[in-house]
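A.B. asks: Sequence first, then the predicted structure, then my questions.
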Amino acid sequence: MSEQATPHSATEAPEQPSSQDRNPVMPRLRRALDGIPGYRPGRPAAPGTVTYKLSSNENPYPPLPGVLGEAVRAAESFNRYPDMFCTGLTAALAGRFGVPQSHIATGVGSVGVAQQLLQATAGPGDEVIYAWRSFEAYPILTQISGAASVRVPLTAGEEHDLAAMAAAVTGRTRLIFVCNPNNPTGNLLRRAELERFLDRVPPEVLVVLDEAYREFVRDPQAADGLELYRDRPNVCVLRTFSKAYGLAGLRVGFAVAHEPVAEALRKTALPFGVTQPAQEAAIASLGAEAELLRRVDALVAERDRVLAGLRGQGWTVPEPQGNFVWLRLHEATMDFAAACDEAGVVVRPFPGEGCRVTVGEPEANDLFLAAAAAFRKAG
Ligand SMILES: Cc1ncc(COP(=O)(O)O)c(C=O)c1O
């Protein structure tokens, strides 16, 4: 039964909490959680204004009609639990990528799969290596696991320092995240350099190639995790339906890895985590891939236009291979983000470092380019 709030007049002092209420004994929580920064999602556009959200690397296109139809049809049975093993989706993915079904593991977004990977490999006393700055879920998930983060700074050219990452491996290293293309800097590791790195990593250390933005990559020398993993049992590839496929809100991602790793991921999965609408939409997306990827082509063309526009204005921008661009702004970061806000585009600032800006619909990109030009002139 809900309690009725008792109104009191403005002059009536509210009851003081007892000293016990002020210092109540709380459940004991894991020390490992102390100081974890909360995950900061990209800020939404303000309601009621013409504002574009370029802060979360989302796909600006609405769902394809066929994909939406499948999700809606599946939603009609949401009194039932979903297929816990994502059977249909696993078969569709195996067929699409030419890998055994036993090499596929699904999860609640690829960030969910990343958490499963950490649960499967690392705990207190272990170490997890990743470049920094990179995807901001890595430090959070690592800390939750109880393992220690080993952050290897990006090079001056904003690239993974693979030599330093290989040198950082110790007897305690359990997992290495390699984000390719890197979020937020957008640049790419090429096949030859990644192979050299993988050759240096001991076979008992799992290397996770996070390829959330793979479909936007156009560099012909790009490393493709699905080729690299085949003869390397310690390589696991992470992919997602959130970006190119435009299903961010449905939360479905997957890993491709050799059987022992994929099996461990099935053990650490949240039971029934991937909903049936998400599973059906993902299967339908694979069926509608040609059309979906045409949209990706359009975004890549916009990315090239934004890049040319920024460089034409005099900005230094690392070669973007995802659906976003990176501007290293240092102490001007927050001013730049505020200027973009005022112009009607919400970008993603990393205070003191720079801004990541998603490539959106052409009108949004125009507003962003105009704001960037004005900021440069004013500066
Ligand atoms: C590099 C990288 N990996 C993984 C993800 C997570 O994607 P999701 O959990 O939606 O699949 C993101 C999202 O921004 C990302 O940038």
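C.D. replies: Arrived safely, thanks for sending.
A.B. asks: And the residue of the stretch 251-379 of the chain closest to the ligand?
C.D. replies: Nearest to the ligand in the stretch 251-379 of the chain, going by Cβ to the nearest ligand atom, is residue 253, at a distance of 3.8 Å. Placement of C-beta: from N, CA and C, glycine included.
A.B. asks: what are the phi and psi values for residue 152?
C.D. replies: phi -110, psi 120 (degrees, to the nearest 10).
A.B. asks: Kindly export stretch 230-239 (C-alpha atoms) in CSV.
C.D. replies: What follows is stretch 230-239, C-alpha atoms only, in CSV (Å, rounded to 0.1, in the frame of the first residue of the first chain):
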residue,chain,number,x,y,z
ARG,A,230,41.0,-18.0,-36.8
ASP,A,231,44.4,-19.4,-36.0
ARG,A,232,44.8,-17.6,-32.7
PRO,A,233,42.9,-19.2,-29.8
ASN,A,234,43.7,-16.2,-27.6
VAL,A,235,42.0,-13.7,-29.8
CYS,A,236,38.3,-12.7,-29.4
VAL,A,237,36.5,-10.3,-31.6
LEU,A,238,33.7,-8.1,-30.3
ARG,A,239,31.0,-6.7,-32.6
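A.B. asks: Check whether it comes into contact with the ligand.
C.D. replies: No: judged by Cβ under 6 Å from any ligand atom, stretch 230-239 stays clear of the ligand, getting no closer than 6.6 Å.
A.B. asks: And that stretch, how far out from the chain middle?
C.D. replies: How far stretch 230-239 lies from its chain's middle: 18 Å, per Cα atoms, centre = their mean, to the nearest Å.
A.B. asks: wait, the residue of the stretch 251-379 of the chain closest to the ligand sits on residue 115?
C.D. replies: No: Residue 253 sits out of contact with residue 115 when judged by Cβ atoms under 8 Å, with a separation of 10.7 Å.
A.B. asks: What's the separation between the residue lying closest to residue 194 once chain neighbours are set aside and residue 74?
C.D. replies: Excluding the flanking residues, the one nearest residue 194 by Cβ to Cβ, 6 or more residues apart in numbering is residue 223, at 4.1 Å. Look at residue 223 and residue 74: by Cβ to Cβ, to the nearest Å, they are 35 Å apart.
A.B. asks: same question, residue 362
C.D. replies: Relative to residue 74, and taking Cβ to Cβ, residue 362 is found at 33 Å.
A.B. asks: The two: which is more packed in?
C.D. replies: residue 74 (20 against 14; other Cβ atoms under 10 Å).
A.B. asks: Look up phi and psi at residue 107.
C.D. replies: Residue torsions, per degrees, to the nearest 10, at residue 107 are phi -170, psi 180.
A.B. asks: In the chain, which helix is the longest?
C.D. replies: helix 289-313 (DSSP state H).
A.B. asks: Would you mind listing what in the stretch 51-200 of the chain touches the ligand?
C.D. replies: So the stretch 51-200 of the chain meets the ligand at 57, 109-111, 135, 179, 183 (Cβ under 6 Å from any ligand atom).
A.B. asks: Swap in 5 Å and give it another go.
C.D. replies: 109-111, 135, 179, 183 (Cβ under 5 Å from any ligand atom).
A.B. asks: for the stretch 201-350 of the chain, same thing?
C.D. replies: So far as Cβ under 5 Å from any ligand atom goes, the stretch 201-350 of the chain lies against the ligand at 210, 212, 240, 242, 253.
A.B. asks: For the last one, give me its contacts.
C.D. replies: So that's residue 253. When contacts are counted by Cβ atoms under 8 Å, 6 or more residues apart in numbering, residue 253 touches 106-113, 212, 238-242.
A.B. asks: residues contacting the residue lying closest to it once chain neighbours are set aside?
C.D. replies: Of all residues not flanking residue 253 in the chain, residue 110 sits nearest, at 3.1 Å (Cβ to Cβ, 6+ apart). Each residue near residue 110 by Cβ under 8 Å, 6+ apart is listed here: 210, 212, 238-240, 242, 253-255.
A.B. asks: hmm, which two among the residues you listed are most spread apart?
C.D. replies: 242 and 255 (14.2 Å; Cβ to Cβ).
A.B. asks: Mind checking which of these two has more residues around it?
C.D. replies: residue 255 (25 against 22).
A.B. asks: pretty sure the more buried one belongs to a strand, no?
C.D. replies: Yes: the assignment for residue 255 is a strand, going by DSSP: H, G, I helix; E, B strand; the rest coil.
A.B. asks: isn't residue 237 right next to residue 207, touching?
C.D. replies: No: look at residue 237 against residue 207 with Cβ under 8 Å: they stay out of range, at 9.7 Å.
A.B. asks: Correct me if wrong: residue 112 contacts residue 265.
C.D. replies: No: contact criterion Cβ under 8 Å: residue 112 and residue 265 do not qualify, at 10.0 Å.
A.B. asks: Tell me where this protein has helices.
C.D. replies: Under DSSP H, the chain gives helices at 19-22, 65-75, 87-97, 109-121, 137-145, 162-167, 191-200, 225-228, 259-268, 276-287, 289-313, 333-343, 362-378.
A.B. asks: for the second one, packing partners?
C.D. replies: Under the contact criterion of 3 or more Cβ pairs under 8 Å, 6 or more residues apart in numbering; DSSP states H and E, the helices and strands touching helix 65-75 comprise helix 276-287.
A.B. asks: packing partners for the helix it packs on?
C.D. replies: Where contact means 3+ Cβ pairs under 8 Å, 6+ apart, helix 276-287 is packed against helix 65-75, helix 87-97.
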